[in-house]
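[1] Give me a model of this one.
(one chain, ligands or ions: 1)
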Amino acid sequence: MGSRRNFLEKLTVSAIGIPLLYNSTSLFAATESAYEGPMLRVAIMGLGSYGTRVAEAMQSCKRAKLVGVISGTPSKVEAWQAKYGVPKKNCYNYENFDKIKDNPDIDAVYVITPNGLHCEQSIRVAKAGKHVICEKPMAINAEEGQKMVDACKAANVKLLIGYRMHFEPKTVEVIRMRKAGEFGKPKFFQGLSGFVIGDPSQWRLNKKLSGGGAMMDIGIYSINGARYMLGEEPIWVTAQETKTDPVKFKEGIDETIQFQMGFPSGAVASCLSTYAMNNLDRFFMTAEDGYVEMWPSTGYGPIEGSTHKGKLTQPHITHQTLQMDGMAQLIFENVQPIVPVDGEEGVKDMKIVDAIFKAAKTGDKIAL
Ligand code: NAD
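    This next block holds a predicted model:
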């Protein structure tokens, strides 16, 4: 850990004030210069399992720092204060966090709560004048997502969605290759996203808090992946739902959905989203002149993959460390990731989720 931090601290910083393209592989072009630029001071809202993972990963960031917490559980707040040196003045609960507007020591709030709370909480953060980083899915439908985009625009703050794969080195390399034409014209994408979910009482299986089942949680990786692997936006979807356990997966909580997407070029995608099968974290894309397979493709890593040119060898770095440093660069230097992570990107995925649910319910081919 220490040596990686030292390594990261030696990386070059681009201080050019014009839009640049973030390239995580450039992180490995180490120089002797230490980072002396601005630090993104982040408060995490929701100290659950993923919030904890982000906090740990941020310990290795050089451009972003955990400085505050928002939680409904005082014992967790105390534990985080002790562990991460969070000062008491930067600790809030769900009732009083609007007061963060009077706190000049916090730049951004990272919303890592159940999906059904993201919209209202993100809008409150925006109204408090802080940048919003919000976990995926950004909301429970596109209408909510758009409200978040509008609120952040009105408040003149950034809205970024926790799309950590957009900073992951092997994923970034595949997107670079596709953009450079190294695969030729993409023709077909297959995305398999799923795992067997446990505890039936968890919020992920509660429609009000989750907005849906596997699709909201894990299927969204195949939707987003299809878009960045093929480099196009879908124009239609079809979908079929299967439910084997209607007690565990109640009305509005999808257990398994297979879905297909069609793209303007004629490329197609075929995907599986499920809470009922393991070993499903695989992307495959074939194109006129080549192919790529990634398995695992979106887990916490290391990501593994190969193309028609051979194995992908980019190193593994904790995704959330790269993401938070990348988001700090985006906010301070307007360095854009290879695929956007902004609210508009989130809304694009939510529109597709809405259409997939509609297609699964009606059996119709839904135009986008
Ligand atoms: P979790 O259950 O572990 O944590 C959720 C947190 O929200 C808890 O601290 C809980 O106390 C708090 N909370 C606040 N109000 C709540 C309420 N009314 N009901 C239940 N909990 C409430 O969940 P998680 O796995 O940390 O997921 C949180 C978010 O992060 C979700 O949107 C999820 O999709 C996202 N996530 C993203 C990734 C990723 O790789 N990007 C991975 C896991 C989770």
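
[2] Pick out the residue of the chain closest to the ligand.
    The minimum distance from the chain to the ligand, using C-beta to the nearest ligand atom, falls at Gly48 (1.8 Å). From N, CA and C alone the C-beta is placed, and that goes for glycine too.

[3] from what I can see that residue touches Val111, true?
    No. The pair Gly48 / Val111 is not scored as a contact, 11.6 Å apart, by C-beta atoms under 8 Å.

[4] Which one's more surrounded, the two?
    Val111 (26 against 15; other C-beta atoms under 10 Å).

[5] What's opposite the more buried one in the beta bridge?
    Met45, Cys134 (DSSP bridges).

[6] Mind checking what secondary structure Glu251 has?
    Three-state call for Glu251 (DSSP: H, G, I helix; E, B strand; the rest coil): coil.

[7] Can you tell me, leaving aside adjacent residues, what's nearest to it?
    Using C-beta to C-beta, 6 or more residues apart in numbering and skipping residues adjacent in sequence, the residue nearest Glu251 is Lys207, 7.4 Å away.

[8] count of residues packed around the one you found?
    By other C-beta under 10 Å, 15 other residues sit near Lys207.

[9] Endpoint to endpoint, stretch 107-124 covers what distance?
    14 Å (C-alpha to C-alpha, to the nearest Å).

[10] near the ligand at all, it?
    Yes. Applying C-beta under 6 Å from any ligand atom, one finds stretch 107-124 touching the ligand at 112-115, 117.

[11] re the thing from before, please give me every residue in contact with the residue of the chain closest to the ligand.
    If a contact means C-beta atoms under 8 Å, 6 or more residues apart in numbering, then Gly48 has 112-113 as its contacts.

[12] Could you report the distance from it to Gln202?
    11 Å (C-beta to C-beta, to the nearest Å).

[13] How about the secondary structure of Ile303?
    Under three-state DSSP, Ile303 comes out as coil.

[14] Hmm, Thr313 and it touching each other?
    No. If you go by C-beta under 8 Å, Ile303 and Thr313 don't touch, sitting 11.4 Å apart.

[15] most neighbours, which of the residues of stretch 107-124 next to the ligand?
    Thr113 (25 neighbours).

[16] Can you pull the residues of the protein lying near the ligand?
    Going by C-beta under 6 Å from any ligand atom, the residues of the chain near the ligand are 46-51, 72, 112-115, 117, 135-136, 162, 164, 203, 209, 217.

[17] now with 5 Å?
    46-50, 112-115, 135, 162, 203 (C-beta under 5 Å from any ligand atom).

[18] can you map out the helices along the stretch 151-300 of the chain?
    169-179, 207-210, 214, 220-230 (DSSP state H, counting those that start in this stretch).

[19] Redo these as TSV? Include distance to Ala287.
    Converted to TSV, the helices of the stretch 151-300 of the chain look like this (distance: least, C-beta to C-beta, whole Å):
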stretch	distance to Ala287
helix 169-179	8
helix 207-210	35
helix 214	28
helix 220-230	9
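
[20] now those as CSV including mean pLDDT?
    Formatted as CSV, those follow (pLDDT from 0 to 100):
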stretch, mean pLDDT
helix 169-179, 98
helix 207-210, 98
helix 214, 98
helix 220-230, 98
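
[21] Report the buried residues of stretch 75-95.
    For stretch 75-95, the neighbour count (16 or more other C-beta atoms under 10 Å) marks 76-77, 80, 84, 86, 90-92 as buried.

[22] just to revisit the earlier point, so which of the residues of stretch 107-124 next to the ligand are in strands?
    Counting by DSSP state E, none of the members of the residues of stretch 107-124 next to the ligand fall within strands.

[23] just those now: which is nearest Leu280?
    In terms of C-beta to C-beta, no member of the residues of stretch 107-124 next to the ligand lies closer to Leu280 than Asn115, at 20.5 Å.

[24] Give me the nearest residue to the closest one, chain neighbours excluded.
    Gly211 (4.9 Å).

[25] tally of neighbours for that neighbour?
    25.
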